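A.B. asks: Give me a 3D structure for the following:
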Amino acid sequence: MDSVVLGFLERNLPEFVNDFNVIIVGEHIEFYCVTTDKGIVTVEASNYILAFCGIYDYLKKYCGVQLSWCANRTINIKSLKMFDGELKKIIKQKYRVYMNYCTLDYSMCWWDFSRWEKEIDFMAMNGINMPLAVVGTEAVWFETLLDFGFSEKEALSAVSGPAFWAWQLMTNIEGYLPPKNKKYIYERLELGRKILKRYDEFGMNPIQQGFSGHVPMLLKNKYPAAKILNQRGWCGFPETAQIDPLDPLFKEFGKKYLSNLSRLMGFRKFIACDPFHEGTPPKPRPWYLKSVGKAIHGMYEEFDENSVWVMQSWSMRKAIVKAVPKHKLLILDINSAKTEKNKNMWGYPVVAGMLHNFGGKNAMQGKIKKHCQNIYYQLESKGAYVVGSGLFMEGINQNPVVYDLQFELLTENKPINCNQWIDNYISRRYGKYNKTIRSAWEILLETCYRSDGYEENAVGSSLASRPQMHPVMAGPCCYVKPFYDIEKFERAVTIFLSVHSEFEKSDGYQYDACDLTRQALSNRFYKNQLEFESVYLKRDLKKTKEIAAAQLEILLDIDKLLSHRSEMCFSGWICDAHNLASDDEEKKYFDFNARTLVTLWGDINSDLPQIYDYSWREWSGLIKEYYYPRWKMFYDYALNCLEKGKVFDYANIGSWGERKKFRLSDLGEKLFQFEKEFAQNYSEYEYPRSSNTVPAALELIEKWNIKG
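C.D. replies: Below you'll find the model as predicted:
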């Protein structure tokens, strides 16, 4: 048997290795065809990716398999089912793209190769053939800076830490929480090489990191004659530097970077580059931007004539785009919002994308019925040159139903019947179909998974927000007010849990029972906080104390509930960070990065971090150790003001721009100091384990009268 196929089967279906016959025919048309006969499953496909995709499609349709990051993480079947006829699919999407830069840090920064290996197999099973491949580029940058006169200390200080490297690649920051030892740089390089090797073995087309002009500020001192421009600070971070693409140093630096990339990691073909990403060009005039496009394209073309520039639509500029030949540019419309607005991207090849999550937050939300309409199909029907589909979420490990659907859409040419798909999902997710669960899901489609009335990336959590009398936002981009009838949602929770005795052995059911109960209690926390505000304004001390005590109790109850699922534990995040470290010094460094990302974010060196709580998570451990103490400080302060007749002078924040007001009071300053200390509070944890969550869920819905 082919070694690539054998390795895949041994990792994922070890008991059935000899029961598969995989034939790679190498045809130009992207397809797979699965048949069965006499206990053997035969898969013919045009390449490895579609062979593995065909195997997974067969497992889903005939063996009831549902793989997810959230429960059901391994294939667990007793036999292979035989069927008549053939399971055949022709895939129109040439490129199936995976990962946002942010995904690498919000969810993947602590993965070792064994975890990456599982994800790459999962990518292949879902037909993904174009993953982002930027792990290890720290070494490329490090060595390039040495080539331009930086000392090792200077080069290290210009590299952002493992939890923030993505934003340096996106040209937003530089040298944030940098490593102290170059050993770290080459550890990342080794991991990146292993990942790329597996991508190559599978025949994937990885997107590697290019050069758009973003450089350390120190380069200005070393090359004072060069035209190196200051870029405004991003989200309160210091200014960054950008070599003008029309300056000779741009090409010199860029080609050395590409040469080092090729030497250290190998140069494939697709190269990511987003000039002035979330920034401002020094000259916004079309003639200048056109010259920028020509200069960058010329650099890539000169380095490798087969290269293709890959550009996100997020901050693209028409004049830059149109300066590049159409066959040399691939545009990733990461939320599919730009193609129609820009005349079908002026005829350039585009990948229709889905951006569902900001920051790795885990609120239950997603426009299921809307996604079933298939944005790839919609854009293609309107005349766009759509050459693929893509998943560009900022974080994974949440809302498994959304991603199960989106993975299927990567290779689906037409709209999906939502009702049929949900029926099938229930059968696979929980091990069998159940009408009661289906009725609960119908309510979920009308509440948290509705397709109107909210932005998928703007759903917040009141308990994870900076405590205030009337919570409005949790992080800069998400609003905490539920966008649906929470009593109706609670009805879905109680209906779902009513059949627990039939499904307690189902891992998917266990996870969803926990997640549904978590969301119901989180919603209740918001509702109670509004009541707290109301009675506080009425100066009802007794009732105010009662609600404050109840709120703190809810927080501890949610924390304990989530401890039953390893996927929802802060300790898992920290243990993964510690496990990746090669010594105690690095372990502490990784711990600081891990804590900072999901709390203060940054800039921690500033007196006014602007994007704290952007990556909030309703996780066991994080609630008890971080959110609970913040809310206790808030309630203690508020009750003290009420008892002593003092003015409650703590700001209520209604928008991101007002967040600076938080530190204008004693309470705000106290909260800020606590948050800074938490990020530096190194602690050892044990890896969490999943256990039966149903008894805890049933106890809590009874305790808090979750009925709907």
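A.B. asks: switch to C-alpha atoms for all contacts and neighbour counts from now on
C.D. replies: Fine.
A.B. asks: how many neighbours does the nearest residue to Trp69 once chain neighbours are set aside have?
C.D. replies: In space, and not counting its chain neighbours, Trp69 is closest to Asn397: 5.4 Å by C-alpha to C-alpha, 6 or more residues apart in numbering. Asn397: 17 surrounding residues under other C-alpha atoms under 10 Å.
A.B. asks: where along the stretch 201-350 of the chain do the strands fall?
C.D. replies: Taking DSSP state E, counting those that start in this stretch as the criterion, the stretch 201-350 of the chain carries its strands at 207-209, 214-215, 228-231, 240-243, 270-272, 308-312, 329-333, 350-354.
A.B. asks: could I get the ones you listed as CSV with mean neighbour count and distance to Phe250?
C.D. replies: As requested, the strands of the stretch 201-350 of the chain are arranged in CSV below (neighbours: other C-alpha atoms under 10 Å; distance: least, C-alpha to C-alpha, whole Å):
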stretch, mean neighbour count, distance to Phe250
strand 207-209, 23, 16
strand 214-215, 25, 10
strand 228-231, 19, 9
strand 240-243, 23, 6
strand 270-272, 23, 16
strand 308-312, 22, 17
strand 329-333, 24, 20
strand 350-354, 28, 27
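A.B. asks: Can you tell me which of these has the worst average pLDDT?
C.D. replies: Mean pLDDT values for the strands of the stretch 201-350 of the chain show the minimum at strand 228-231, a mean of 92.
A.B. asks: Off-centre distance for that one?
C.D. replies: 30 Å (C-alpha atoms, centre = their mean, to the nearest Å).
A.B. asks: If you count contacts, what does it end up packed against?
C.D. replies: Using 3 or more C-alpha pairs under 8 Å, 6 or more residues apart in numbering; DSSP states H and E as the contact test, the elements touching strand 228-231 are strand 240-243.
A.B. asks: okay, stretch 285-295 in PDB with CA atoms only?
C.D. replies: Taking C-alpha atoms only, stretch 285-295 is exported to PDB below (Å, rounded to 0.1, in the frame of the first residue of the first chain):
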ATOM      1  CA  ARG A 285      -3.700  58.300  -4.800                       C
ATOM      2  CA  PRO A 286      -4.300  55.600  -7.500                       C
ATOM      3  CA  TRP A 287      -1.100  56.200  -9.400                       C
ATOM      4  CA  TYR A 288       1.000  55.500  -6.300                       C
ATOM      5  CA  LEU A 289      -1.000  52.400  -5.300                       C
ATOM      6  CA  LYS A 290      -0.700  51.100  -8.900                       C
ATOM      7  CA  SER A 291       3.100  51.600  -8.600                       C
ATOM      8  CA  VAL A 292       3.000  49.700  -5.300                       C
ATOM      9  CA  GLY A 293       1.200  46.800  -6.900                       C
ATOM     10  CA  LYS A 294       3.600  46.600  -9.800                       C
ATOM     11  CA  ALA A 295       6.600  46.800  -7.500                       C
END
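A.B. asks: So which bits of that stretch are buried?
C.D. replies: 288-295 (16 or more other C-alpha atoms under 10 Å).
A.B. asks: Looking at these, which is nearest Asn419?
C.D. replies: Gly293 (45.9 Å; C-alpha to C-alpha).
A.B. asks: roughly how far apart are the nearest residue to that closest one once chain neighbours are set aside and Gly210?
C.D. replies: Spatially, and ignoring its direct neighbours in sequence, Gly293 is nearest to Ile320 (4.3 Å; C-alpha to C-alpha, 6+ apart). Ile320 sits 16 Å away from Gly210, taking C-alpha to C-alpha, to the nearest Å as the criterion.
A.B. asks: Now do the contacts for Ile243.
C.D. replies: 213-215, 226-229, 249-250 (C-alpha atoms under 8 Å, 6 or more residues apart in numbering).
A.B. asks: Then Cys418?
C.D. replies: Contacts of Cys418 by C-alpha under 8 Å, 6+ apart are 368-369, 372.
A.B. asks: just Ala155 next, same as before
C.D. replies: Here Ala155 is in contact with 142, 145-146 (C-alpha under 8 Å, 6+ apart).
A.B. asks: Tell me the buried residues within those.
C.D. replies: Using 16+ other C-alpha under 10 Å, the buried ones in the contacts of Ala155 are 142, 145.
A.B. asks: closest to Asp559 among the contacts of Ala155?
C.D. replies: Nearest to Asp559 among the contacts of Ala155, with distances taken as C-alpha to C-alpha, is Phe142, at 41.3 Å.
A.B. asks: re earlier: from Glu301, how far off is the residue nearest to Gly293?
C.D. replies: The value you get for Ile320 to Glu301, if C-alpha to C-alpha is used, is 15 Å.
A.B. asks: Neighbour count for the two, which is higher?
C.D. replies: Just comparing Ile320 and Glu301: by other C-alpha under 10 Å the higher neighbour count belongs to Ile320, 21 against 15.
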